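1. Sequence and predicted model, in that order:
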Amino acid sequence: MKRLHIYIVKSFLGPFFMTFFICMFVLLMQFLWKYVDDMVGKGLEWSILGELLFYASFGLLPFAFPLAMLLASIMTFGSLGENYELVAIKSSGISLFRIMRPLIIIAFLITVSAFYFANNVLPRTNLRFITLLWSVKQQRPELVLKEGVFTNDIDGYSIRVDHKNKKTNMLYDVLIYDHTKNKSNESVTVADSAYLEMTEDKKYMVMTLYNGTNYEEEYNRHASKRSYPHRKNVFEKQVINIKVNNFEFKRRDESIFRNSYRMLNIRQLLNAEDSLHTAYKKKLRSFITKLTFNRVLIRNLLRRTTEDDSLRMKYEIEKPDTIFDFDQAFASLGRWKKKEIIREAIDEVRSNNQQINMSQNNLYGLKKKINKHEMERHRKFSLSLAVFIFFFIGAPLGAIIRKGGLGMPVVISILLFISYYIVSMIGEKSAREDVWPMFSGMWFSSFIFFPIGVWLTYKAITDSDIMKSETYIDFFKKLKKSRLFSWLKKVNEDSSNNQ
């Protein structure tokens, strides 16, 4: 038995490491495709790009572990079944569950390792990755030009643009003061528009001006008296090469993103959630006190937003002493009194509506921030447990389909993982928008795929032929002979006769 377990482990580890690096490569290519516009043309060194990809690969590990486990388990048991090794092992009296036992231990260890990585290592790498990526995105010297103000950060020039198009790098209503000769305002250029681009070495800013005028004063040293001739040049197109200095790559401070939810472990997330809940209830109480409602309703709403306290009174459901007929009392009032009551009611409704509109976005944004922290805390557990779930899906599925290699297992693994991802996104979106409870939304995919894994494991242990077409043909034949099919057929015939 020991030799058998060693053989099973060796058969599994090879495909697992191979598929793991394949998954990492595919996910990294997807990352590059997403952020290629932020990295190309920045004049970055290869060490910076390599460091960025290194940190990005850590963020992709939680997704690579489940996919690699699914693919490797299907390939391992599919290869054993294809070569009739499973049949030989089962014929000696060893059950499939005993064959899976060493791999179950490995899957459990990988699950624990994935959770430890997600809770302790990933927050630190996420902090460095986000900080470095933000630093790369800010590495654009042309962005120092602000709209509507003079920019003096470029040595020798003072430039003002009215507005600019960030996508096309077009500038409009450009005003340039040239101070490169250490003289103020002797050369002024005005242009309707300009196109801005950087050279490949990031040392020069090339500005192509369109439909403008250049005003320049010249000093005539040969004249008997000092004279300052004035020259005006009207142009349709003019190119200015502006040398830029001190725009090399700079790393931003990591403290900017340190308190973001992706950079926190479980203990820090719980502390942050507690603080956010306190702030949320405080703002909610402030919002309720500004509304005009029934006295009992206001009091009960305030009690619901207070922190848990053993001395806190329970919610009241007050019973009226007498029944007041408002319609009868209102009908007995005079015309002017009615108008006054209606006007006061409309003012209170408008005041409540104004308070709701003012506080709605603030409360909604704070609640979404709380949801993001709770989602990140649940995601650390759910993605780690997905490794274990996918093993119990892939191992019995490989034993059933009996196909090894990278053909059928890859197709099945991709379909299953895409299904898992879609279901997971549905649950996360529902939880984020408070449509579902947080626990139900974040664990929705696990609730669906874990029973599938249990069912597949049972079918594989009992040697059920669920992949054979004869199984489903026999099922539909039995269904056709059942009473339900006969009743449906009879109902259809009766409806046809009535028509």
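-> Ah, there it is. Numbers count the residues shown, from 1 in each chain.
2. Which strand or helix spans W134?
-> helix 122-137 (DSSP states H and E).
3. tell me what that helix is packed against?
-> The contact analysis (3 or more Cβ pairs under 8 Å, 6 or more residues apart in numbering; DSSP states H and E) places helix 122-137 against helix 2-39, helix 46-82. In short, each C-beta sits where N, CA and C put it, glycine included.
4. could you check the angle helix 122-137 makes with the shortest one?
-> Compare the direction of helix 46-82 with that of helix 122-137 by axes from the mean of the first three to the mean of the last three Cα atoms, to 10 degrees and you get 130 degrees.
5. now do the longest one
-> Here helix 2-39 points in a direction 30 degrees away from that of helix 122-137 (the same axes, to 10 degrees).
6. from the helices and strands packed on helix 122-137, which stretch is densest packed?
-> Ranked by mean neighbour count, the helices and strands packed on helix 122-137 are led by helix 46-82 with a mean of 21 (mean count of other Cβ atoms under 10 Å).
7. Which strands or helices does that one pack on?
-> helix 2-39, helix 85-91, helix 96-116, helix 122-137, helix 335-401, helix 408-432.
8. on that earlier part again, residues making contact with the helix or strand just after the helix holding W134?
-> The helix or strand immediately downstream of helix 122-137 is strand 150-151, counting by DSSP H and E. By Cβ atoms under 8 Å, 6 or more residues apart in numbering, the residues outside strand 150-151 that reach it are V144, L145, S158, I159, R160.
9. Of these, just the buried ones, PyMOL syntax please.
-> Those of those that count as buried under 16 or more other Cβ atoms under 10 Å are selected in PyMOL with:
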select buried, resi 145+158+159+160
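10. pLDDT-wise, what's the bottom of the contacts of strand 150-151?
-> Among the contacts of strand 150-151, V144 carries the lowest pLDDT, at 58.
11. circling back to that earlier point, as JSON lines, the helices and strands packed on helix 122-137 with mean pLDDT would be great.
-> Converted to JSON lines, the helices and strands packed on helix 122-137 look like this (pLDDT from 0 to 100):
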{"stretch": "helix 2-39", "mean pLDDT": "85"}
{"stretch": "helix 46-82", "mean pLDDT": "87"}
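12. Including distance to W455, could the helices and strands packed on helix 46-82 go into TSV?
-> Listed next are the helices and strands packed on helix 46-82 as TSV, based on distance: least, Cβ to Cβ, whole Å:
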stretch	distance to W455
helix 2-39	22
helix 85-91	19
helix 96-116	14
helix 122-137	32
helix 335-401	9
helix 408-432	14
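13. Select, out of those helices, the one closest to N165.
-> Shortest distance between N165 and the helices and strands packed on helix 46-82, using Cβ to Cβ, is found for helix 2-39: 15.6 Å.
14. which helices and strands does that closest one pack with?
-> Judged by 3+ Cβ pairs under 8 Å, 6+ apart, helix 2-39 is in contact with helix 46-82, helix 96-116, helix 122-137.
15. tell me the SS of T213?
-> strand (DSSP: H, G, I helix; E, B strand; the rest coil).
16. Over to E216?
-> Three-state assignment for E216 (three-state DSSP): strand.
17. cool, G404 as well?
-> With three-state DSSP as the criterion, G404 reads coil.
18. Let me see the contact set for it.
-> G404 neighbours (Cβ under 8 Å, 6+ apart): M75, T76, G78, S79, L80, G81, E82, N83, G398.
19. how close does it sit to G398?
-> In this view, G404 and G398 are 8 Å apart by Cβ to Cβ, to the nearest Å.
20. what is in contact with those two at once?
-> Common neighbours of G404 and G398, using Cβ under 8 Å, 6+ apart, are M75, T76, G78, S79, L80, G81.
21. Nearest to L132, out of those residues: which one, please.
-> Using Cβ to Cβ, the shared contacts of G404 and G398 come closest to L132 at M75, 35.7 Å.
22. wait, that closest one sits on I401?
-> No - M75 sits out of contact with I401 when judged by Cβ atoms under 8 Å, with a separation of 10.7 Å.
23. Could you name every residue contacting both of those two?
-> Listed as contacting both M75 and I401 by Cβ under 8 Å, 6+ apart are P409.
24. Look up the closest residue to E348, ignoring the ones flanking it.
-> T292 (4.6 Å; Cβ to Cβ, 6 or more residues apart in numbering).
25. Do I have it right that the one you found meets Q354?
-> No - the criterion here is Cβ under 8 Å, and T292 misses it with Q354 at 11.3 Å.
26. Show me how the record splits the protein into domains.
-> Using automatic domain parsing, the domain parsing of the chain gives 2-138+374-464, 141-243, 264-373, 468-499.
27. quick one: L127 and R258 touch, right?
-> Yes - counting by Cβ under 8 Å, L127 touches R258, with 6.4 Å between them.
28. quick one: which of these two has more around it?
-> Comparing L127 with R258 by other Cβ atoms under 10 Å, the one with more neighbours is L127, at 20 against 13.
29. quick one: contacts for the more buried one?
-> Here L127 is in contact with E254, F257, R258, S260, M263 (Cβ under 8 Å, 6+ apart).
30. Let me see the contact set for the last one.
-> When you say that, I think you mean M263. Listed by Cβ under 8 Å, 6+ apart, the contact set of M263 reads P123, R124, N126, L127, I130, F257.
31. Apply 7 Å and report the result again.
-> The contact partners of M263, taken as Cβ atoms under 7 Å, 6 or more residues apart in numbering, are P123, N126, L127, F257.
32. what stretches of the stretch 101-250 of the chain score poorly on pLDDT?
-> Scanning the stretch 101-250 of the chain for pLDDT under 70 picks out 137-144, 153-155, 166, 181-185, 200-203, 218-229, 244-250.
33. between the helices and strands packed on helix 122-137, which gets nearest to F287?
-> Closest approach to F287 among these (Cβ to Cβ): helix 46-82, 37.3 Å.
34. Can you tell me how far H373 is from I256?
-> Distance from H373 to I256, counting by Cβ to Cβ: 18 Å.
35. Check the offset of stretch 438-448 from the chain's centre.
-> The chain centre lies 17 Å from the centre of stretch 438-448; the measure is Cα atoms, centre = their mean, to the nearest Å.
36. That should have said stretch 350-358, apologies.
-> With Cα atoms, centre = their mean as the basis, stretch 350-358 stands 32 Å off its chain's centre.
37. and that stretch, what's its mean pLDDT?
-> Mean per-residue pLDDT for stretch 350-358: 81.
38. Distance check, A107 against E344.
-> As judged by Cβ to Cβ, A107 and E344 stand 69 Å apart.
39. Who has more neighbours out of the two?
-> Using other Cβ under 10 Å as the criterion, A107 and E344 rank with A107 on top: 23 against 10.
40. Excluding chain neighbours, give the residue nearest to that one in space.
-> In this structure, A107 finds its nearest non-sequential neighbour in F391, 4.0 Å apart by Cβ to Cβ, 6+ apart.
41. Equivalent analysis for I412, please.
-> Nearest residue to I412, sequence neighbours excluded (Cβ to Cβ, 6+ apart): I74, at 6.3 Å.
42. Many thanks, I have nothing further to ask.
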